[in-house]
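A.B. asks: I'll drop the sequence and a predicted model, then ask my questions.
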Amino acid sequence: MTGLPDLLRRMPYIIYGAAAVVFVWNLANQWFGMVGLGMYGTPGMESVAAFQKSVALYGAFVEAIYLVANGAMIHVLIKIHDKMKATAE
């Protein structure tokens with residue numbers, strides 16, 4: 001068996017960092033979109049604004065969890081590859 005490239009070994013950590021960036025970016029993007037529409041602070045629209053905040057947080061969380069799960073899967077596959085390589089030698 002051949003060794004894995006260094007970039008592939010670092011890929012889970014790159015994905016974890018990307019998950020944090022995507023979470024913040026997605027949340028900020030949706031939040032500023034809501035503020036730009038003028039719903040924030042409008043009388044009578046508090047429930048709509050609260051719902052949109054909840055949707056924004058949920059969407060950002062789902063995207064980040066998806067990326068973290070993919071990074072964890074790659075991490076596990078690398079560990080399995082290393083274990084099989086060790087037993088083959």
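C.D. replies: Perfect, I can see it now.
A.B. asks: apart from its chain neighbours, what residue comes closest to Asn26?
C.D. replies: Distance criterion Cβ to Cβ, 6 or more residues apart in numbering; nearest residue to Asn26, sequence neighbours excluded, is Ala60 at 4.1 Å. C-beta: built from backbone N, CA, C; applies to glycine.
A.B. asks: quick one: pLDDT of Glu89?
C.D. replies: As predicted, Glu89 sits at a pLDDT of 69.
A.B. asks: same question, Ala86
C.D. replies: At Ala86, pLDDT is 81.
A.B. asks: likewise Met34?
C.D. replies: The model reports Met34 with a pLDDT of 80.
A.B. asks: surely it and Phe51 touch.
C.D. replies: No - counting by Cβ atoms under 8 Å, Met34 does not reach Phe51; the two are 10.0 Å apart.
A.B. asks: neighbour count: these two, which is higher?
C.D. replies: Met34 (17 against 12; other Cβ atoms under 10 Å).
A.B. asks: next one: the spatially most central residue of the chain from Gly17, what distance?
C.D. replies: Per Cα atoms, centre = their mean, the C-alpha nearest to the average position across the chain is that of Ala64, at 2.0 Å. Separation of Ala64 from Gly17 (Cβ to Cβ, to the nearest Å): 11 Å.
A.B. asks: now Glu63
C.D. replies: Distance check for Glu63 against Gly17: by Cβ to Cβ, it reads 14 Å.
A.B. asks: so the two - more neighbours on which side?
C.D. replies: Glu63 (16 against 12).
A.B. asks: neighbours of the closest residue to Arg9 other than its chain neighbours, how many?
C.D. replies: Excluding its sequence neighbours, the residue lying closest to Arg9 (Cβ to Cβ, 6+ apart) is Ile78, at 6.3 Å. Ile78: 15 surrounding residues under other Cβ under 10 Å.
A.B. asks: element containing Ile78, please.
C.D. replies: Assigned by DSSP states H and E, Ile78 falls within helix 46-88.
A.B. asks: distance between that helix and the chain's centre?
C.D. replies: Its chain's average C-alpha position is 5 Å from that of helix 46-88, according to Cα atoms, centre = their mean, to the nearest Å.
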